[in-house]
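**Q** Give me a model of this one.
(chains A and B)
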2 protein chains.
Amino acid sequence: MHILVIGAGGMLGAKLLARLGNEGKLGGKSISRVTRYDAVIPPAPPASNYPVETFVGDLSAAGEAEKLIAGRPDVIFHLAAIVSGEAEKDFEKGYRINLDATRILFEVIRKVGGGYKPKIIFTSSIAVFGAPFPDAIGDEFFTTPLTSYGTQKAIDELLLNDYSRRGFFDGVALRMPTVCVRPGKPNLAASGFFSNIIREPLAGKEAVLPVSDTVRHWHVSPRAAIQFLVQAATLDTEKLGNRRTLTLPGLSCTVAEQIEALRRVAGNDVVKLIRRENDETIAKIVSGWPRNFDPQRALSLGFKAEGSFEDIIRVHMEDELAPCK
Amino acid sequence: MHILVIGAGGMLGAKLLARLGNEGKLGGKSISRVTRYDAVIPPAPPASNYPVETFVGDLSAAGEAEKLIAGRPDVIFHLAAIVSGEAEKDFEKGYRINLDATRILFEVIRKVGGGYKPKIIFTSSIAVFGAPFPDAIGDEFFTTPLTSYGTQKAIDELLLNDYSRRGFFDGVALRMPTVCVRPGKPNLAASGFFSNIIREPLAGKEAVLPVSDTVRHWHVSPRAAIQFLVQAATLDTEKLGNRRTLTLPGLSCTVAEQIEALRRVAGNDVVKLIRRENDETIAKIVSGWPRNFDPQRALSLGFKAEGSFEDIIRVHMEDELAPCK
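**A** Below you'll find the predicted structure:
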């Protein structure tokens, strides 16, 4: 089985490659080869007993998708995107990378023909939803994105559904919850604080909380996110019919609940490293974000997120802070 | 006020031009100039006291949208599309005309800049919905098109919303009910029979009913459809916020109710001209179509459809069969 990972240099891409390398299989089938693709050179691939080839380029540029599909990958994880803030700032770049590159990839696959029908796992986002919405968003709620990024993801979902319905490939689009605790350095994304207030104090460093602790949001650990990708790639897509977009399970909790979970897991002194410093801009952005979902469909298909924020913190400690890392 | 009508040669385009010509105004403002555009040469424009310019071309071709926008129209009615059946048969043509041409138009407008911000009225379709759905589809129900045409319209809606949110133009997308009674010759569209079984018998001709008379569908007269276009063009779009797609009101009725209305308006002998001849293919297509809506938002904005199918028949008789026509 040949697997292509587009966006291999990102956090999810790297973790997915580590899991694939560790298991050597996907859905019971041996992996014979992996191709990595990203706009920047990713770090060396994790250990594996199959060859890993790496390409660096811009998927929207002429000939790039053809180059990747020439190897006829059986499974394609398409995780690459310009993030929300950048897509909002640079309108043309956002549409070029988040819409055109995806459509070019789909078109190149369609034109191969001759029975070639790879599986495509595409990461969409809860940014396809925009306020006002109900407290818990159901599976049949409409998409009214309030960012160009959310618009591009919603369009990609529609394209993936149509191309799958026409039989050009076998696609699944996954609306990921916010991944928390993100490892690595604090980043400037508006959602960064959800991870920062856990990761930094656990590392003995101060973290800034820019919003009220009544803010509620929708989280999943990196480990569960990778499990979602693997599950989607091995799912019997007959069960999806023509509705190939899934809102995934997550944990809905407030910032106050996050902090209390941190206190229980790591104690008062760690929690004291969270400094409250309101930021009106971030508070305003966050107020338009979904808080909770009722993802019955994904639950019935066996997708499962953490049951408590303490579990999410423990996953972070096991996967990122264990002595061997 | 300069008005551009894209798709001017279609049924709605021609009727819209007739109304504009008749009134000479739109929303209280005098019309100074109208530009008509279509892929085929439309019939001579109806009488008006302003000049009418006509262009013929393919909106997806290089330079076409630039040519139309060079005249800086204040209001753009974008009614042009490849119909559902053709977009399903010719995948590339459907995406080129129904998606690419619309996006090119939006891009050309965006790039004008300098405060140019026309109003755009775009005709979307209830084909953005695909079964299964509730008996009456609400305003917040998700779009799961089962045709490439419906996919292209749903994508256009998302683009129109994002471009409007960013301030590049002032757009409104209208999900039209099936227009009935369509004037002219019977056409081969799967939905054609809804009009055929009324129009043909009224003209003393036989018409075929290919489905069971329990089939329920969502109708509006051509006159009300034109009123929707005019109302949307003169709507205070502040009221729409960032949700610029409206599902329009219509009349939900069964084929049996259509036939009974025809009997009441025109008598038994006319109804006898309807010949029942089941067509499994058409029955299957129609079974996936929406039957009824609960379009609270458009109703609260003052959009109004006919209250009975008898009214729809009377509109047809007044507008198409009056002695002076």
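**Q** Mind listing what's buried along stretch A:286-305?
**A** Buried residues in stretch A:286-305, counted by 16 or more other C-beta atoms under 10 Å in any protein chain shown: A:286, A:288-295, A:297-298, A:301, A:303, A:305. Backbone N, C-alpha and C define where each C-beta goes, glycine included.
**Q** is that stretch anywhere near chain B?
**A** No: Stretch A:286-305 lies apart from chain B when judged by C-beta under 8 Å from any C-beta of the partner chain; the minimum separation is 9.9 Å.
**Q** Can you list the residue ranges for helices in the stretch 151-300 of chain A?
**A** Using DSSP state H, counting those that start in this stretch, the helices assigned to the stretch 151-300 of chain A run over residues A:192-202, A:222-233, A:255-266, A:268-271, A:280-287, A:296-300.
**Q** Need those in CSV (columns: mean pLDDT and distance to B:Gly171).
**A** Formatted as CSV, these follow (pLDDT from 0 to 100; distance: least, C-beta to C-beta, whole Å):
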stretch, mean pLDDT, distance to B:Gly171
helix A:192-202, 96, 33
helix A:222-233, 98, 34
helix A:255-266, 98, 37
helix A:268-271, 97, 48
helix A:280-287, 88, 24
helix A:296-300, 98, 32
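**Q** Most tightly packed of these?
**A** Each of those was assessed for mean neighbour count using mean count of other C-beta atoms under 10 Å in any protein chain shown. The highest is helix A:192-202, with a mean of 23.
**Q** that older thread, among the buried residues of stretch A:286-305, name the ones in strands.
**A** Members of the buried residues of stretch A:286-305 lying in strands (criterion: DSSP state E): A:293-294.
**Q** can you tell me which two in the buried residues of stretch A:286-305 are farthest apart?
**A** Maximum pairwise distance among the buried residues of stretch A:286-305 (C-beta to C-beta): 29.5 Å, between A:Val286 and A:Leu301.
**Q** which parts of chain A sit against chain B?
**A** A:91, A:110, A:130, A:139-146, A:148, A:151, A:154-155, A:158-159, A:161-162, A:165-166, A:242-243.
**Q** right, and A:Leu4 touches A:Leu68 too?
**A** Yes: the pair A:Leu4 and A:Leu68 qualifies as a contact (C-beta atoms under 8 Å) at a distance of 5.9 Å.
**Q** Find residues that contact each of these two.
**A** A:35, A:37 (C-beta atoms under 8 Å, 6 or more residues apart in numbering or on different chains).
**Q** quick one, which of the two is more surrounded?
**A** Ranked by neighbour count (other C-beta atoms under 10 Å in any protein chain shown), A:Leu4 and A:Leu68 place A:Leu4 first, with 25 against 21.
**Q** With A:Lys117 as the reference, measure out to the closest residue to that one other than its chain neighbours.
**A** In space, A:Leu4 comes closest to A:Pro73 once its chain neighbours are excluded; the distance is 3.7 Å by C-beta to C-beta, 6 or more residues apart in numbering or on different chains. Distance, A:Pro73 to A:Lys117, using C-beta to C-beta, to the nearest Å: 12 Å.
**Q** got it, and A:Glu86?
**A** 33 Å.
**Q** How is chain A partitioned into domains?
**A** What automatic domain parsing lists as the domains of chain A is A:2-177+A:221-247, A:192-218+A:250-293+A:306-320.
**Q** With distance to B:Pro45 as new columns, can those be given to me in a markdown table?
**A** Output for the domains of chain A, formatted as a markdown table (distance: least, C-beta to C-beta, whole Å):
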| stretch | distance to B:Pro45 |
| --- | --- |
| domain A:2-177+A:221-247 | 36 |
| domain A:192-218+A:250-293+A:306-320 | 46 |
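**Q** And those: which comes nearest B:Asn98?
**A** domain A:2-177+A:221-247 (11.6 Å).
**Q** can I assume A:Phe55 sits in a strand?
**A** Yes: A:Phe55 forms part of a strand when assessed by DSSP: H, G, I helix; E, B strand; the rest coil.
**Q** Contact partners for it?
**A** Counted by C-beta under 8 Å, 6+ apart, A:Phe55 has contacts A:35-37, A:67-68.
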